[in-house]
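Asks: Test case, fold it:
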Amino acid sequence: MTVVYSWLNPKLGVRESPKHGKGIFAKTTLDKDERLAIFGGYIMRIDDIHDLPKSIQGYPMQIEERFVLGCKNEIEDTDFFNHSCSPNSGLQGQIFLVAMRNIMANEEITFDYAMTISESVDSNLVFELECRCGAPNCRKKITESDWKIPELHQRYRGYFSQYLQKKIDCLYKHN
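Replies: Residues are numbered from 1 along each chain as shown. Presented below is the predicted three-dimensional model:
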C-alpha cells in the first residue's frame, strides 16, 4: 500500500506538460484563493537531500533555512507543480498552495520557486535551475537568492512561504 502524505485538490490532475515533462493541470475552473494542495511528508535537514535516491533529490520543498519537507522513497502527485516566473498559484503559510487568481480549465498550475527557496544555513547545498517557463518576464535562471528581488516582494506579497515573508518583512523594517 502506498502512503500519501500530501493532498491534491480533486479538480487537479497530473499530465504531460509541454515545457516541463509532467505537470499539474486544472480539470475545471478554479477560484482565486482556492486551496490547490497541502504539502506533506517527512521533515528533513537540507543536507539529508544527499541521502535520498537521486531520482527524488529535486522534489523536497524548503520550509525553513535548514529544513525541507518531502518523501524519502517515492514521488507524489504534488511533486509535479512546476515553476513559472509568471505563476498562477502561491503559498499560504508553509504547506498550503492556493490560486493567486482565477484559473481556467486545462491551465497548468505553477508557482515561482522564489516563494519557497532561500540560501541554506550550515549547508553546502546550493539551488540553481535553468528556467524554461517562457513567460515574458522569465528570469532565465532560478536561484536561492531570487526571494530578495524587490519586484517579487510586491508581486507575491502574501504568497511567499511564511519563513520567507518574515525575512522580507525584516528587510523593510530596517530600511
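Asks: For residue 142, see how far away residue 136 is.
Replies: As for residue 136, its distance to residue 142 is 16 Å (criterion: CB to CB, to the nearest Å). (C-beta placed from N, C-alpha, C; glycine too.)
Asks: and those two? which has more neighbours close in?
Replies: Taking neighbours as other CB atoms under 10 Å, residue 136 and residue 142 compare with residue 142 leading, 20 against 7.
Asks: show me what contacts the closest residue to residue 134 other than its chain neighbours?
Replies: In this structure, residue 134 finds its nearest non-sequential neighbour in residue 19, 6.3 Å apart by CB to CB, 6 or more residues apart in numbering. Residues in contact with residue 19 (CB atoms under 8 Å, 6 or more residues apart in numbering) are 82, 132, 133, 134.
Asks: cool, residue 11 as well?
Replies: With contact set as CB under 8 Å, 6+ apart, residue 11 has these partners: 26, 27, 28, 30.
Asks: Kindly recompute the last result at 6 Å.
Replies: 27, 28 (CB atoms under 6 Å, 6 or more residues apart in numbering).
Asks: Next: residue 140.
Replies: Residue 140 touches residue 131, counting by CB under 6 Å, 6+ apart.
Asks: Renumber starting at 9 from here on
Replies: From this message on, residue numbering opens at 9, which makes the last subject residue 148.
Asks: For residue 21, see how far away the spatially most central residue of the chain is.
Replies: Nearest residue to the geometric centre of the chain (CA atoms, centre = their mean): residue 121, 4.7 Å. The gap separating residue 121 from residue 21 is 22 Å, by CB to CB.
Asks: Please apply the same query to residue 102.
Replies: 24 Å.
Asks: Compare neighbour counts for those two and give me the winner.
Replies: Set residue 102 next to residue 21 and count neighbours by other CB under 10 Å: residue 102 wins out with 17 against 14.
Asks: Low-confidence regions, the protein specifically.
Replies: Within the chain, the ranges that satisfy pLDDT under 70 run 9-11, 182-183.
Asks: pull the longest helix from it.
Replies: Counting residues, the longest helix found in the chain (DSSP state H) is helix 170-181.
Asks: Quick check: buried residues in that one?
Replies: Of the residues in helix 170-181, 171, 172, 173, 176 count as buried by neighbour count, 16 or more other CB atoms under 10 Å.
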